[in-house]
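Colleague: my questions are about this predicted structure, shown below with the sequence.
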Amino acid sequence: MEENPGIAASVTLKILPPRVRRDALVRPRLSLGRDGLLAEPSVVVHAPAGFGKTSLLAQWRRELLGIGASVAWLWASETDNPTELLHGLILSFRAAALRPTFGHTLMGATDSKGIEQYSELLAEITQSAVDAAFIVDEADRLPADSREALSYILRNLPGNLRIFLGMRSMSGYEIDDLIAYGQCATVTTSALSFQLDESIELFRQRFGDGFDPDIAAQIHELTAGWPLGLQLAISAGLNARSAASLASELAGSAGDFQERFVALLLANLDSEDVDFLTRISILDDFTHDFCNVVTGTADARPRLDRIARTTPVVQLAERSDWMRLHAVAREALLLKFADLPAAERHDLHRRAAEWLATNGMPAKAAEHLLAIGETDPALDLAERSLYDSLMTRGQLGQVRNWLAVVPDEGLDRRPRLLLAAAWALALSERHDEASRLVDRIMAGAGDDASLRCECALILGGAAAYADDPDLFARLHDPWALDPPLSDPLLLKIHANRFAFRALLDGEPALARLRQQRAPRPGSLPEMSYLSRWNDFIIGLSYLWEGQVRLAEKIIRPALLQCEADLGRRNAFTSMMAALLAAAMWERDQPEEARVLLADRMDVLEKSGLPEALMLAYRTLIRIAWSQGDEDRALELLGALEAVGLHRHLPRLRVISLVEQVRLHARGFRGETCRNLAARLDAFLDTNTAQHGPMWRRSIAIQVELAHGYAAVAARDWRAATAPFERANELARSYKQERLVIETLGMRALILERLGENAQALMREAQELARTYGLQRVFADAHPMLGDLARRLLAGTGGSEPAAGIPRTAPEPPAERKTAMTTHRASVLTPKEWEVLELLARSLSNKEIGRALDIHEETVKWHVKNLFVKLDAGSRKHVVSRARLMGFLA
């Protein structure tokens, strides 16, 4: 039975896999080797346009080729009836498996036998004994009968065949049971969306290491990780004069990038869809039923489902019926909403307010009433809800926004709104204003002990944000043991404050014990936010002790929950991120620490606790100097001092000066360090008297460290001894074990420089660093201390990495590093490196050619060059030589 040669010619372009860009970002998170995808018989990738489905399938193709599989690619289309689909699958298998006669009988058949032909195809694949995979992209374009045929393949896969489908919608594929029983995995929009670290890596790859990660984080937030939106931003960045000009354009609502991005989001939507979205753009979140009520229509469900399949303008919540519009699209749609007739706008807001009030969301209902000028009813609703919203969900910004529109005299008529305002101002840089509101509350409190206790809690929060531990203690202690409170939310806040009080006394273990013994009202949803504060205090107590592994264990899941509930740039979420970043830095994970703090510093500067703000700045400063970017480190130190000046937080200014001394001591700049230490002493002379003993004790260790490092910078080793000994004693009394280890190490270094035996002291410091998981404590203290730790390890013949110093060796000087890089690059070309890696996997020339999308003759040429350059006589020999020379692991 003869084949029709016209069939092969018509299908040729449809079986060609996409060409992968050389600089395409590989996403390890979505690798087939992760989450068991490689073991799945079938995987369906479905998401709207622009989510990188084809790029991911191309990445998987290369991974499959790398393990020796024969990977057949097919582009599906609307014209592929079952017979044409069958022909495409056969021809793609021929090209992938190098079997030119595969499926000869099926290709020559003139009568269509429907599903039976697919059974024969699967049987022939089984008999081929080839480890094979089909990748069918744009499978949603197939007609209904072809989808049924492809579903048949999914249900009857032989053991040597896997199938991967890319599509915008799973409509027409009846495979829900396969998914439910674990026989088919799915990759959806949430997985395909870029995570922040991937977005930062993408921009770094395109623009170089100098690209500001904060800008990348802003773009990530703007695009919600939509791959096509990120690519558009990259194009705009390539055309922008600088990263700063791109950032300023992103900050505005106008500009070429914004217009093109909105056009992409709204592409493929008809005018009725855009009109519908315009009318629901006033809603922060919505369901199908909510949209029906607001718009007065009955087709919201099918319309929104269709829009969500077409474009990411509608974002679906995980495991929920709630949705929201993409922030950028919503901003553009609100401009269209403003052009609607006033009467229609009024009706839309009115219907939204009524639905929200009826369904238990009075705060959001109040916003819609305020939008149509009904201020008094809006304030009535706000008073009912804002206090609870602040306590249960930490909506500080929402309360502050209401303060901007509520008349001052209106607060006195609404005491619960006044309380909410006092809480919101206390927990921010505006804590001074909170005390004035508390005075107004106390004026009418009378003998209400519960209200007076709550006012003490408010002022205690303001004292914590003002970095005044002595005032915090004076406000807390009278109510410490038997608070006259009955509200479970206030009791939980009091328990958190009781634990924080122990931490201020230098008792981190007691702080955790108090949290453990605090009353537990159960796992009520309204307790989630305050429970995260419990995690924050426990995590901070572990960091206080230097227990960074335990801190990470507590903070990481809490941060994920905060990001899901409150948003990434929420003030409390940012404080959690600052704690985790500090722990990750100590564990020698600088990239993760940098990602955690990206586009969050401005939030911390305005609304962060001083301790969290200090940890965040210190982490970024140390990342900068570890990378040799001293200019950036000094800039950050100046910014830290400026924030301390702006927020009236003198301890931050002290920390800035101490860290400057530490930085300059690394280069033995004795005169500079002496001047900085003198500035520090002068500053303390004029500022210490106005603070209490707890505040003075909190900076005492830092002052001793500054004088010790100043003496080290001058190489006056004997003068450095006493400050580090005093700092060590203070750190022990305060149970700050990281500083104990740092000062032990510095004392050992001083002994070594004075010609005395330092091994016992240094060994003790190293053992403590290993116990606590502190990978950077010695390298951060001083380069010479890191060198001493390495020498001691080498002297004992140890094989483990030295505790307290980075796992990787220190970077060589710039000129040596450049020479090394140039030498390695001159030995092998990039393509020869790729060929060598595949040779190490025992792939043939044909398989290497398919994996790299190059001709077999080109592979032979590269292999020949490898033989010459590595002085090898066979493929096995060249791999052995490469391992011997350190080119392969």
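Modeller: That came in fine, so what should we check first? This structure is a prediction, so every number in the text was calculated from the model and none was measured.
Colleague: now do the strands in the stretch 51-200 of the chain.
Modeller: 70-75, 132-137, 161-167, 185-187 (DSSP state E, counting those that start in this stretch).
Colleague: can I get these in TSV with mean neighbour count and distance to A263?
Modeller: Every C-beta, even on glycine, is put in place using the N, C-alpha and C of the backbone. As requested, these are exported to TSV (neighbours: other Cβ atoms under 10 Å; distance: least, Cβ to Cβ, whole Å):
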stretch	mean neighbour count	distance to A263
strand 70-75	24	26
strand 132-137	24	25
strand 161-167	25	24
strand 185-187	19	27
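Colleague: list the buried ones in the biggest helix by length in the chain?
Modeller: Identified as the longest helix of the chain according to DSSP state H is helix 693-713. Judged by neighbour count (16 or more other Cβ atoms under 10 Å), helix 693-713 contains these buried residues: 694-695, 697-713.
Colleague: next SSE after the helix-or-strand element of the chain with minimal mean pLDDT?
Modeller: Every helix and strand in the chain was compared by mean pLDDT, DSSP states H and E; the lowest is helix 814-827, with a mean of 42. Once the chain leaves helix 814-827, the next helix or strand it forms, by DSSP states H and E, is helix 830-839.
Colleague: list the buried residues for that next one?
Modeller: K831, E832, W833, E834, V835, L836, E837, L838, L839.
Colleague: tell me the mean pLDDT for the helix or strand just after that helix?
Modeller: Once helix 830-839 ends, the next helix or strand along the chain (criterion: DSSP H and E) is helix 845-852. In this model, helix 845-852 carries a mean pLDDT of 80.
Colleague: CA atoms only for the longest helix of the chain, dumped as PDB, please.
Modeller: Backbone C-alpha positions of helix 693-713 (Å, rounded to 0.1, in the frame of the first residue of the first chain) are rendered in PDB as follows:
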ATOM      1  CA  PRO A 693      18.400  52.000  80.700                       C
ATOM      2  CA  MET A 694      16.800  49.500  78.400                       C
ATOM      3  CA  TRP A 695      17.600  51.600  75.300                       C
ATOM      4  CA  ARG A 696      21.100  52.300  76.500                       C
ATOM      5  CA  ARG A 697      21.700  48.600  77.100                       C
ATOM      6  CA  SER A 698      20.500  47.800  73.600                       C
ATOM      7  CA  ILE A 699      23.300  49.900  72.100                       C
ATOM      8  CA  ALA A 700      26.100  49.200  74.600                       C
ATOM      9  CA  ILE A 701      27.300  46.100  72.700                       C
ATOM     10  CA  GLN A 702      27.400  48.100  69.400                       C
ATOM     11  CA  VAL A 703      29.400  50.800  71.000                       C
ATOM     12  CA  GLU A 704      32.000  48.400  72.200                       C
ATOM     13  CA  LEU A 705      32.200  46.700  68.800                       C
ATOM     14  CA  ALA A 706      32.800  50.100  67.200                       C
ATOM     15  CA  HIS A 707      35.700  50.800  69.400                       C
ATOM     16  CA  GLY A 708      37.100  47.300  69.000                       C
ATOM     17  CA  TYR A 709      36.900  47.400  65.200                       C
ATOM     18  CA  ALA A 710      38.400  50.900  65.200                       C
ATOM     19  CA  ALA A 711      41.400  49.500  67.100                       C
ATOM     20  CA  VAL A 712      41.700  46.600  64.600                       C
ATOM     21  CA  ALA A 713      41.700  49.100  61.700                       C
END
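Colleague: what's the angle from the helix or strand just after it to helix 693-713?
Modeller: For helix 693-713, the following helix or strand on the C-terminal side (DSSP H and E) is helix 717-733. Interaxial angle, helix 717-733 versus helix 693-713 (axes from the mean of the first three to the mean of the last three Cα atoms, to 10 degrees): 150 degrees.
Colleague: I'd like the next helix or strand past helix 717-733.
Modeller: helix 737-753.
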